[in-house]
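**Student:** return atomic coordinates for the entry below.
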Amino acid sequence: MQEQPILAAVDLGSNSFRLQIARIEGDQFYTLDNLREPVRLAAGLTPSRYLDEAAQHRALGALSRFGERLRGLPAQAVRAVGTNSLRVAKNAAEFIPLAEKTLGFPIEVIAGREEARLIYIGVARGLPQASGNRLVIDIGGGSTEFIIGSGLTPLKLESLYMGCVSFSQRFFPENKVTKQNFKQAELAARTEIQAIVADYKGQWKSAYGSSGSAKALCEILELNGFSTGGITRDGLEQLRTYILKVGDVQKLNLQGLRPDRMLSLAGGLAIMYAAFSELNIDKMQLATTALREGVLYDLWGRTHDDDIRDVTVQQFMQRYRVDVRQAQRVTELACNLAKQFIGDDADENSLQTLEWAGKLHEIGISVAHGGYHKHTAYILANADMPGFSKKDQQRLSQLAVAQRGSLEKIRNQLVSIEDYVMNLSLRLAVLFFRSRSSSELPLIQAHFSGTKFHLSLPVGWLKLNPLTETALTEEIKQWNSLGVSFQLLEL
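**Tutor:** Predicted coordinates:
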């Protein structure tokens, strides 16, 4: 991937959609543009967790405007991430293709801990160097992330299913705030937080709040005299007392309270108040950076040979005690075959995915040798993999489960020529190195004519290797069963 002077991050949050465009000079970012749209995606989730038409309409309208601003930027310079509402929406699979078409760029739905990692990167990059661990709390519309980190490195990552929009709808549905429903909201939040208290309490020196809820609370506390600086426990208690006295969030008279934040204020306050109580926080500073900046720095790393996904793959290889030599043999042959099949049109991202799949294709052996490809697929689909989106993980999982055995299980998942090429290349590489030997293979030529796959081997080689010949014959049958023509030739 070539270095780009301009990068853009799109944050499809549960409360707001945001776009940030920055210019890169050295290793510094200079913001060129910021756009924000109060889409309130979480408010459009029905009780059965479907995004309603109104929320989809608001979202597509915002993405259309973002798309116009992003027009002309190369695909590798833009990263769009979806968070909690798109994680939980049952009709996200139908909505996202429409959203991608409207925006003009792919959208990644990231896991909660990946969101937490990116938030911490963004926050840490915006803070001066300091000793001691930092606690970062980011209250979003549908989830709240808790991170402990040191310097630029996140150490503990958690994402809890509670947010300012979802809690406001759940506990304050008519915008009325009473002692009873606020106590219910606070207790619900404390119950969620108690699951992480043992790992987090007392493990940090300074606390920071990031994103919209923290910013809104900080401004309200300071502008209304509830706090002289930052978010304090006493300030939160004064704000809580005031809101309970008024009893209706739409009647609040608070300096710094924007109209689009009014309906989610009570939910955000309940979560923050619970976090202060459970984690013994007395004071929290406001971080001016968060998820978008984290996405930008992560994207920048991919352009400078500092891709966290490569680090994740290496860590997985170590964790699952991968046979490195076998993984390297399979990876090199799979990528070589794929390049031959596709030729000059080979997509860099697809080849990179194939390389990762080759390195990780045997991690399931650590669970059991029998059906190891299924164990590998499960791990890749469900494990926390820093840097990878859910779509990335599903693609790796699909390659893993299809590396051997019947192809019927992926019949409906093969859509593009690249899908066929990646799966065929990995299967062939696994097949040729079944003996796990480093002995030199013969010259193998691969070609795709547009309608048929061809694999050519030296004359007489197959007769000397009958086991491989039998396996290749079965491989041809498997692809033929899907209507794919695959022919074996001799050089």
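**Student:** so what are the domain limits for the protein?
**Tutor:** 6-111+293-301, 127-287, 307-440 (automatic domain parsing).
**Student:** can you list those in JSON lines and add mean pLDDT?
**Tutor:** As requested, the domains of the chain are exported to JSON lines (pLDDT from 0 to 100):
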{"stretch": "domain 6-111+293-301", "mean pLDDT": "93"}
{"stretch": "domain 127-287", "mean pLDDT": "93"}
{"stretch": "domain 307-440", "mean pLDDT": "92"}
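**Student:** output those domains as JSON lines; include the columns mean neighbour count.
**Tutor:** Placement of C-beta: from N, CA and C, glycine included. Listed next are these as JSON lines, based on neighbours: other CB atoms under 10 Å:
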{"stretch": "domain 6-111+293-301", "mean neighbour count": "19"}
{"stretch": "domain 127-287", "mean neighbour count": "19"}
{"stretch": "domain 307-440", "mean neighbour count": "18"}
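**Student:** could those domains go into CSV alongside distance to Glu475?
**Tutor:** Listed next are the domains of the chain as CSV, based on distance: least, CB to CB, whole Å:
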stretch, distance to Glu475
domain 6-111+293-301, 31
domain 127-287, 42
domain 307-440, 6
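**Student:** among these, which comes closest to Val459?
**Tutor:** Val459 sits nearest to domain 307-440 of all the domains of the chain, at 17.4 Å, using CB to CB.
**Student:** returning to that earlier point: wait, which of the domains of the chain is closest to Leu467?
**Tutor:** Closest among the domains of the chain, using CB to CB: domain 307-440, at 7.7 Å.
**Student:** how about the contacts made by the residue nearest to Ala92 when sequence neighbours are not counted?
**Tutor:** Using CB to CB, 6 or more residues apart in numbering and skipping the chain neighbours, the partner closest in space to Ala92 is Leu86 (5.0 Å). Leu86 is in contact with Leu12, Leu41, Ala92, Phe95, Ile96, Ile107, Val109, counting by CB atoms under 8 Å, 6 or more residues apart in numbering.
**Student:** if you set the cut-off to 10 Å instead, what comes out?
**Tutor:** 12-14, 41, 51, 59, 92-93, 95-96, 99, 107-110, 142, 390 (CB atoms under 10 Å, 6 or more residues apart in numbering).
**Student:** one more: Ala185?
**Tutor:** Contacts of Ala185 (CB under 10 Å, 6+ apart): 162, 167-168, 170-172, 177, 266-267, 269-271, 273-274.
**Student:** could you look up the SS state of Leu86?
**Tutor:** State at Leu86, reduced to three classes by DSSP: H, G, I helix; E, B strand; the rest coil: helix.
**Student:** next, the spatially most central residue of the chain: phi, psi?
**Tutor:** Centroid check for the chain by CA atoms, centre = their mean gives Ile110 as the closest residue, at 2.2 Å. As for Ile110, its main-chain torsions (degrees, to the nearest 10) stand at phi -100, psi 150.
**Student:** does it touch Gly13 like I think?
**Tutor:** No - judged on CB atoms under 10 Å, Ile110 makes no contact with Gly13 at a distance of 11.5 Å.
**Student:** overlap of the contact sets of those two?
**Tutor:** Common neighbours of Ile110 and Gly13 (CB under 10 Å, 6+ apart) are Val81, Gly82, Thr83, Asn84, Leu86, Leu291.
**Student:** quick revisit: which residues touch the residue nearest to the centre of the chain?
**Tutor:** 12, 81-84, 86-87, 116-118, 159, 291, 295, 387-392.
**Student:** can we see that at 7 Å?
**Tutor:** Ile110 makes contact with Val81, Gly82, Thr83, Ser389, Lys390 under the criterion CB atoms under 7 Å, 6 or more residues apart in numbering.
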